[in-house]
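Engineer: can you look at this prediction? I've put the sequence above it.
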There are 2 protein chains.
Amino acid sequence: MCRVLAREISSHVGKAVCLEGFLHWKRDLGGIRFVLLRDRSGVVQVVVDRRFELPLAESSMRVVGRVVENPKAPGGYEVVAEDLEFYAKAVEPSPIEIPKEEWRASPETLLEYRYVSLRGEKARAPLKLQAALVRGFRSYLDAQGFTEIFTPKIVSAGAEGGSNLFGVDYFEHRAYLAQSPQLYKQIMVGVFERVYEVAPVFRAEQHATSRHLNEYLSLDVEMGFIRSEEDVMALEEELLRAMLEEARRSAEFEARLLEVEWPNTQEMPRLEHKEARRILREELGLAVGADLNEEAERALGAWAKERWGVDFLFVTKYPEAARPFYAYPEGDGLTRGFDLLFRGLEITSGGQRIHQHEVLVEQLRKKGHDPAQFAGYLEVFKYGMPPHGGFAIGAERLTQRLAGLPNVRYARAFPRDRHRLTP
Amino acid sequence: MCRVLAREISSHVGKAVCLEGFLHWKRDLGGIRFVLLRDRSGVVQVVVDRRFELPLAESSMRVVGRVVENPKAPGGYEVVAEDLEFYAKAVEPSPIEIPKEEWRASPETLLEYRYVSLRGEKARAPLKLQAALVRGFRSYLDAQGFTEIFTPKIVSAGAEGGSNLFGVDYFEHRAYLAQSPQLYKQIMVGVFERVYEVAPVFRAEQHATSRHLNEYLSLDVEMGFIRSEEDVMALEEELLRAMLEEARRSAEFEARLLEVEWPNTQEMPRLEHKEARRILREELGLAVGADLNEEAERALGAWAKERWGVDFLFVTKYPEAARPFYAYPEGDGLTRGFDLLFRGLEITSGGQRIHQHEVLVEQLRKKGHDPAQFAGYLEVFKYGMPPHGGFAIGAERLTQRLAGLPNVRYARAFPRDRHRLTP
């Protein structure tokens, strides 16, 4: 007798099945006892008679029984247990009442007991949604001739010049955790032309906000032989459509549980940074600097939703002052760099990069850097790089906004933040 | 006029095409000049007349020309250039002669200039092969109901007890780089039952051998509700078949270039550790300890190839002395742990894990550990874990053996070893 998943029982009515999972919840109505068994697909009601002792919730278990229709049971079906077996009984009551899905409980409590709170159907759903998004990311890019790369996370220097780095003791040397695979993905454009990487990045930022993580999953893309950053944005648009399509297809159950509102992927308009600032200032009454802060992003997202009915908004032609030295200069102090806002949250930075050695040297000088300090970076550009550009999508931020989570931490299995190193 | 890849030109004979890539090689025969253009798909010969100046090799370029048959050209076709454009000219000669594919050059030189040596067709091929293996890994597991997970690489303690850890300065705390996602993937079995992760792991091992890396790509799998480690090995067998099938299908060109001999995936026999030791001692004359060293693995691999014609060999029922505390005890001082050798190289450690809290406590004591030191680990097992097991495949070792590379470093884009932190 093969194992059947909770979600499949409706096709086994009248038959004997075997179910495996966790004791999600139990209720004793005197004459009759109900158990909810939870497996990776969902929960199913099991009717248990007095023969069996029921241990604490969360015990791992196996049920053999017969499937019957019961309009009062969740989903309309239940299993009448003929045999029950417990693989490992819980030895303490769970510190979190898992069936309650206490989303409004203190984040610190939920995260402290993450190893068990994650078992909740709603708690785990964003991670399933994220896995589907990432699968869509890879499969779309594979089909476009991209090669997946795996670049080092232990590095000898920072990609952007040195701040916000976590130090690592690497034998007798000082090393750092990679903030971004930026230089490596650029090198790999010289090798495979089109590359992507799905890997953690590390930022020693002091922030402790609902949108920052010190370790997060970066979905990195870089492509060669482009005409301008327009090619890069066009790719990202198609990519996001494919990712959301995959999530919609393969995480349908989780999306329903989380009440996901699927975003408008038809249109992702471009708004020049200068125009965005004008709108913020004149129409929305916000004072803004060269980089758009959290408040400005939120206001702009709301404005674009209201005005154009869109969820995604590209802010383009960022000024040099708000971009790293390798951003392709566009003249007038502007660059070919862009950000992508999703429902008012920056989920991507990207743009065309400088591919000519001499232009890089010039831009470094202009930014007040000593080119000698960037010798390792510059070296790579001595040997002929194609025009190229790329971007990175923060997987947790995309997931957070899609799932409507109050905090980006819930979009990561075991978040690391300013004060959290465990579990 | 759309861009055509080098590998596609045979279907454009007589037509005008546009090619983009790198100036791989050039030759001046007086009256006529030949260029090889290299793109992500391969190389193509281009005939160039005197109008055009040719820059240094590796310059990035664009060719517009007409495709003609030429039996003397590599592949039988060439392009007669009508227009040439260079996007970025190399400013220095490449330190490595890329077309020569100097595999026999000193590894240190090849790795020192990895940012350009990787451009060689043979140098990049193993990475393409690896990307295909990893794709096969994920797609097989996705189809089996596994969920991809992303667990933290910055951790507060080691999974195996504390040696070989790289230290990280995490704000005012001491943290470490994860040696393995072991505990996290076990936790996630309580959440999704079947999980996998593709991520870097970090080992501060002092070794500097041709088979060790201090940062490598670990293909981790963990599954719940198993009967014994046999279920885990059966999964790994099917998984490896799927991975090799995907590599064969989608990296055919690279496999031919590397002269890959596809392994026998029909049979992956099991050999108990005790019997393996007897064979090593009595038939092969090798003295061996509880753990099999490099020499023993090689000898055993050769023996299995000779005797049974197999490339993969499971060594099962490892003794407790050679396994971590969480290995499921089998009685008689043995465990349900196994290794998988591929052509005489260990590419996997795996097994069934202990799922009962009280057994874990007992095993910790038996190993001489203080359970209080493992409170964080033990905590997870208080809430009912199913019988479970898993394994990890070292992606670079699998790639190395498959591609016949002399050193595991060539199976990683930018290797980190005892003495190498750059590029």
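Structural biologist: Yep, it's here.

Engineer: can I get the worst-scoring helix or strand of chain A on mean pLDDT in CSV? Just the C-alpha atoms.
Structural biologist: One helix or strand of chain A scores below all others by mean pLDDT, DSSP states H and E: helix A:107-112, with a mean of 90. Extracted C-alpha coordinates of helix A:107-112, given in CSV (Å, rounded to 0.1, in the frame of the first residue of the first chain):
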residue,chain,number,x,y,z
PRO,A,107,8.6,38.4,15.1
GLU,A,108,11.3,37.7,17.6
THR,A,109,9.3,34.8,19.1
LEU,A,110,8.5,33.4,15.7
LEU,A,111,12.1,33.6,14.6
GLU,A,112,13.5,32.3,17.8
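
Engineer: list the buried residues in it.
Structural biologist: Going by neighbour count (16 or more other Cβ atoms under 10 Å in any protein chain shown), the buried part of helix A:107-112 is A:107, A:110-111. Any C-beta I mention is one placed from the backbone N, CA and C, and that applies to glycine too.

Engineer: all helices of chain A, in order?
Structural biologist: Using DSSP state H, the helices of chain A run over A:107-112, A:114-117, A:121-143, A:182-192, A:229-250, A:252-257, A:273-278, A:294-308, A:357-366, A:375-380, A:395-403.

Engineer: the third one close to chain B?
Structural biologist: Right, helix A:121-143. Yes. Using Cβ under 8 Å from any Cβ of the partner chain, helix A:121-143 reaches chain B at A:124, A:127-128, A:130-131, A:134-135, A:138, A:142.

Engineer: neighbours around A:Glu283, how many?
Structural biologist: 11 (other Cβ atoms under 10 Å in any protein chain shown).

Engineer: and the stretch 201-350 of chain A, which residues reach chain B?
Structural biologist: Counting by Cβ under 8 Å from any Cβ, the residues of the stretch 201-350 of chain A near chain B are A:202, A:204, A:206, A:214-215, A:217, A:224-225.

Engineer: now distance to chain B too, for the buried residues of helix A:107-112, in a markdown table please.
Structural biologist: Converted to a markdown table, the buried residues of helix A:107-112 look like this (distance: Cβ to the nearest Cβ, whole Å):
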| residue | distance to chain B |
| --- | --- |
| A:Pro107 | 17 |
| A:Leu110 | 14 |
| A:Leu111 | 12 |
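
Engineer: output the below-cut-off pLDDT ranges for the stretch 251-400 of chain A.
Structural biologist: The model of the stretch 251-400 of chain A has no residue with pLDDT under 70.

Engineer: distance of A:Val43 relative to A:Phe391?
Structural biologist: Computed as Cβ to Cβ, to the nearest Å, the A:Val43 to A:Phe391 distance reads 39 Å.

Engineer: out of the two, which sits in the busier spot?
Structural biologist: Ranked by neighbour count (other Cβ under 10 Å), A:Val43 and A:Phe391 place A:Phe391 first, with 24 against 20.

Engineer: ignoring the adjacent residues along the chain, who's closest to that one?
Structural biologist: Nearest residue to A:Phe391 in three dimensions, chain neighbours excluded: A:Gly350, at 2.6 Å (Cβ to Cβ, 6 or more residues apart in numbering or on different chains).

Engineer: what about that neighbour, neighbour count?
Structural biologist: A:Gly350: 25 neighbours (other Cβ under 10 Å).

Engineer: which residues does it contact?
Structural biologist: A:Gly350 makes contact with A:221, A:229, A:232-233, A:236, A:337-340, A:389-392 under the criterion Cβ atoms under 8 Å, 6 or more residues apart in numbering or on different chains.

Engineer: hmm, stretch A:50-64 in reach of chain B?
Structural biologist: Yes. Interface with chain B: stretch A:50-64 contributes A:55-56, A:58-62 (Cβ under 8 Å from any Cβ).

Engineer: give me the distance between the two termini of stretch A:208-227.
Structural biologist: 39 Å (Cα to Cα, to the nearest Å).

Engineer: report the distance from that stretch to the chain centre.
Structural biologist: 10 Å (Cα atoms, centre = their mean, to the nearest Å).

Engineer: okay, how far is it across stretch A:314-331, tip to tip?
Structural biologist: 20 Å.

Engineer: over to stretch A:410-423?
Structural biologist: Termini of stretch A:410-423 sit 14 Å apart (Cα to Cα).

Engineer: show me what the spatially closest residue to A:Leu54 that is not a sequence neighbour is bridged to.
Structural biologist: Leaving aside its sequence neighbours, A:Leu54 sits nearest to A:Lys26 (Cβ to Cβ, 6+ apart; 5.4 Å). Beta bridges link A:Lys26 to A:Val35, judged by DSSP bridges.

Engineer: what's the neighbour count on A:Lys26?
Structural biologist: Taking other Cβ under 10 Å as the criterion, the count of residues near A:Lys26 is 16.

Engineer: thought it was touching A:Val35?
Structural biologist: Yes. Using Cβ atoms under 8 Å, A:Lys26 makes contact with A:Val35 at a distance of 4.9 Å.

Engineer: what's the overlap in contacts for the two?
Structural biologist: A:Leu54.

Engineer: end-to-end on stretch A:274-287?
Structural biologist: 13 Å.

Engineer: which residues does that stretch contact?
Structural biologist: With Cβ under 8 Å, 6+ apart as the contact definition, stretch A:274-287 has outside contacts at A:271, A:288, A:292, A:295-296, A:299-300, A:303, A:315, A:317, A:334.

Engineer: again, only this time at 7 Å
Structural biologist: Contacts to stretch A:274-287, defined as Cβ atoms under 7 Å, 6 or more residues apart in numbering or on different chains, come from residues A:288, A:295-296, A:299-300, A:303, A:315, A:317.

Engineer: who touches the residue nearest to A:Ala296 when sequence neighbours are not counted in this structure?
Structural biologist: Take A:Ala296 and drop its neighbours on the chain: the residue closest to it by Cβ to Cβ, 6+ apart is A:Val288, 4.9 Å away. Counting by Cβ under 7 Å, 6+ apart, A:Val288 makes contact with A:277, A:280-281, A:296.
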